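Chemist: got a predicted structure plus its sequence, pasted below:
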Amino acid sequence: MSLNTNRVGNHPGSGHDPSQSTTISIPFSPETMHEVCRPPAKTTFQKLRHKLSEVFFPDDPLHRFKNQTCANKIMFALRFVFPIFEWAHSYNFGLFRSDVVAGLTIASLAIPQGISYAKLANLPPVIGLYSSFVPPMIYAVLGSSKHLAVGPVSIASLVMGTMLNDAVSYSSDPVLYLKLAFTATFFAGLFQASLGFLRLGFIIDFLSKATLVGFMAGAAVIVSLQQLKGLLGIVNFTSKMQIIPVLSSAIEQSDEWSWPTIVMGFGFLACLLTTRQIGLRKPKLFWVSAAAPLASVILSTFLVALFISKLPNIATIGQLHKGLNPPSSNTLYFHGEFLAVAVKTGAVTGLLSLTEGIAVGRTFAALKNYQVDGNKEMIAIGLMNMAGSCSSCYVTTGSFSRSAVNENAGGQTAMSNIIMALTVLVTLLFLMPLFKYTPDLILAAIIVTAVIGLIDYQSAFGLWKVDKLDFLACLSSFFGVLFVSVPVGLTIAVGVSIFKILLHVTRPNTSVLGCIPGTQIFQDLVRYRDAHRVPSFVILGVEAPIYFANCTYLQERIFRWLREEEDWNAANNGSLLKCVIIDMTAVTAIDTSGLAMVNELRTMLEKRSLQLVLVNPTGSVMEKLHQSNNLASFGPNGLYLSVGEAVADISSSWK
């Protein structure tokens, strides 16, 4: 059918001439109407089962067990629980050779980083090496990523050190501090494994990319500034983790600055940053940046040992004891006044390390075209931290820098983690005395080099270009970390993300739709300048579920659209409005408050001699409309499958 109407634009001033006339062709007739069907009938139990399945098992993890023999089911079960069986049966010497090279390469990075990150968490350096031995062995058996290199990471170390130091200082009570660190690690692992077992991984999605970009950048700045203690040779340095106290402390303690420390520290820092740039710009030379930290440790240790008598002011690590991880299960702190601190620290560090580990694992899985099971990763990371807490380890997860080195070095399977762990074991058993003269300045330089990569200004710029609210979340977390504290910065980041979600839920997008000439397509008039209004109709699109949280807003917004359309028609000699069509294609769900709003809206429009028509409700919405008996009040011309059919049929009835 064809409708003759005035030439219609979007709003006054859109560039359309209302004096011109055009014809909107809608190729439908009442005989071609299609019925809007209800979804297949299901019992309440079937609906609940389907909903729970979609919430907790969207990947259908048991699909491989269908139509299999008993022997195959047992084998699939072993592979499901222990992913090492996925690749162990086809493992060969070629893969082993690649994994050995990769394992030794990441060990050269993991050893100095482990010592450095332990210092960042206010823990003895040897704890960092312990944490690079036991957890990687466990992850190799339980983890599903081929390239994830496990060990201590800077952000989790910083957060643990900050939160625990606010309650207990390591210098004042080292025994209690160690107990709280191991206990926090246990609760971090328990939290992570529980999320995996209960398949609640969607919780970590509340840490959006925007908040993590800001949080990590802020943490990287604070961590780098804290290393001024080692780079400047300051003895009495603040333990606070805000930018103003840290800078103030560095300036106030200028009388403690050691020029030999400054020259050597910033010299090694410049070398490490240079090798990092070489590795970034020329991936084939990854081994330069990977080997640089260990080479720097060896060289600086040799220089200090050689000139120790002439460089008395350079602080060193001191004597480290040889041996395997001592058990720490008997030191876990499950009662007392500091238990809440351990639980809180464990939950926060567990969430952060889990987010980082899964993000890194998925990144490299996407690059290498394989899939990582997020829930199994949570279980693997959680169990390795629980086991680590009983063997003198603190929170560990997948490290992006070590994983990148692992991939570049040719790592093929999780065996590279085992090779790395065995290399650390050799270090623990035989090489610990060699670190006696390792200067603190080189550890500070290694930390700065590692965390500087967390300042992702390109992503922040992209957030500004694409989504200003995401950029606000990024800035909030960044400045929260810098000026308040690390936990508060993280809380602010999560709060802004939740606010963004609530804003989208409570204030969904709505628009006035028009017909694109020569088609049966109806689109937003503002977005599509060649779309035309249909005389006597107001066609509205709602782009969100209709819930109790937004139904009042939607009702008010719909009446505002009507008022604006009436004003536009009056200004442009348009037709009198007779019908309001709501396109519900994007309304994925509706609750009882939404149903009541729709019914109330229909009644209010009828009092104004306007007909309300619903178009293309989804299956769940259609079912609730039937169950609530709302459709009966709409009459025979109140529900259509498409906007084009609704306009054609209703227009024909008017004729």
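Modeler: Right, received. Where do you want to start?
Chemist: pull out the buried residues from stretch 180-200.
Modeler: 180-193, 195-196, 199 (16 or more other CB atoms under 10 Å). Placement of C-beta: from N, CA and C, glycine included.
Chemist: distance from that stretch to the middle of the chain?
Modeler: 18 Å (CA atoms, centre = their mean, to the nearest Å).
Chemist: with stretch 411-429 instead?
Modeler: 29 Å.
Chemist: just checking, Thr449 touches Phe268?
Modeler: No: with contacts counted by CB atoms under 8 Å, Thr449 stays clear of Phe268, the gap being 9.3 Å.
Chemist: which stretches in the stretch 501-650 of the chain count as strands?
Modeler: Using DSSP state E, counting those that start in this stretch, the strands of the stretch 501-650 of the chain run over residues 510-515, 522-524, 537-542, 579-583, 611-615, 639-640.
Chemist: equivalent analysis for the stretch 201-350 of the chain, please.
Modeler: Under DSSP E, counting those that start in this stretch, the stretch 201-350 of the chain gives no strands.
Chemist: which residues in it form helices?
Modeler: 209-226, 228-232, 243-252, 259-281, 286-306, 339-367 (DSSP state H, counting those that start in this stretch).
Chemist: so for the last one, what gets flagged as buried?
Modeler: When you say that, I think you mean helix 339-367. 341-358, 360-365.
Chemist: same deal with the second one?
Modeler: Of the residues in helix 228-232, those buried under the neighbour-count criterion (16+ other CB under 10 Å) are Leu228, Lys229, Gly230, Leu231, Leu232.
Chemist: which residues touch that helix?
Modeler: By CB atoms under 8 Å, 6 or more residues apart in numbering, the surrounding residues in contact with helix 228-232 are 234, 237, 246, 250, 256-258, 261-262, 265-266, 269, 315, 440-441, 443-445, 448.
Chemist: from the residues you listed, list just the buried residues.
Modeler: 234, 237, 246, 250, 256, 258, 261, 265, 269, 315, 440-441, 443-445, 448.
Chemist: Cys579: which of the residues you listed is nearest?
Modeler: Val246 (65.7 Å; CB to CB).
Chemist: would you mind putting the buried residues of helix 228-232 into JSON lines with distance to Asp456 and pLDDT alongside?
Modeler: Output for those, formatted as JSON lines (distance: CB to CB, whole Å; pLDDT from 0 to 100):
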{"residue": "Leu228", "distance to Asp456": "23", "pLDDT": "91"}
{"residue": "Lys229", "distance to Asp456": "26", "pLDDT": "89"}
{"residue": "Gly230", "distance to Asp456": "25", "pLDDT": "89"}
{"residue": "Leu231", "distance to Asp456": "23", "pLDDT": "91"}
{"residue": "Leu232", "distance to Asp456": "27", "pLDDT": "90"}
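Chemist: looking at those residues, which is nearest Leu428?
Modeler: Gly230 (23.5 Å).
Chemist: run a quick neighbour tally on Ala571.
Modeler: Neighbour count of Ala571, defined by other CB atoms under 10 Å: 10.
Chemist: hmm, I typed the wrong one, I wanted Asn509.
Modeler: 12.
Chemist: spit out the contact partners of it.
Modeler: Neighbouring residues of Asn509 by CB under 8 Å, 6+ apart: Val542, Glu543, Ala544.
Chemist: residues contacting the second one?
Modeler: For Glu543, the contacting residues are Pro508, Asn509, Thr510, Ser511, Ala586, by CB under 8 Å, 6+ apart.
Chemist: ok, and the most crowded of those?
Modeler: Most crowded among these, counting by other CB under 10 Å, is Pro508 at 20 neighbours.
Chemist: look up phi and psi at the closest residue to that one other than its chain neighbours.
Modeler: In this structure, Pro508 finds its nearest non-sequential neighbour in Ala544, 3.1 Å apart by CB to CB, 6 or more residues apart in numbering. Main-chain torsions, Ala544, degrees, to the nearest 10: phi -170, psi 160.
Chemist: so Ala544 versus Met584, what's the distance?
Modeler: Look at Ala544 and Met584: by CB to CB, to the nearest Å, they are 11 Å apart.
Chemist: the two - which one has more neighbours?
Modeler: Between Ala544 and Met584, counting by other CB under 10 Å, Met584 is the more crowded of the two (22 against 18).
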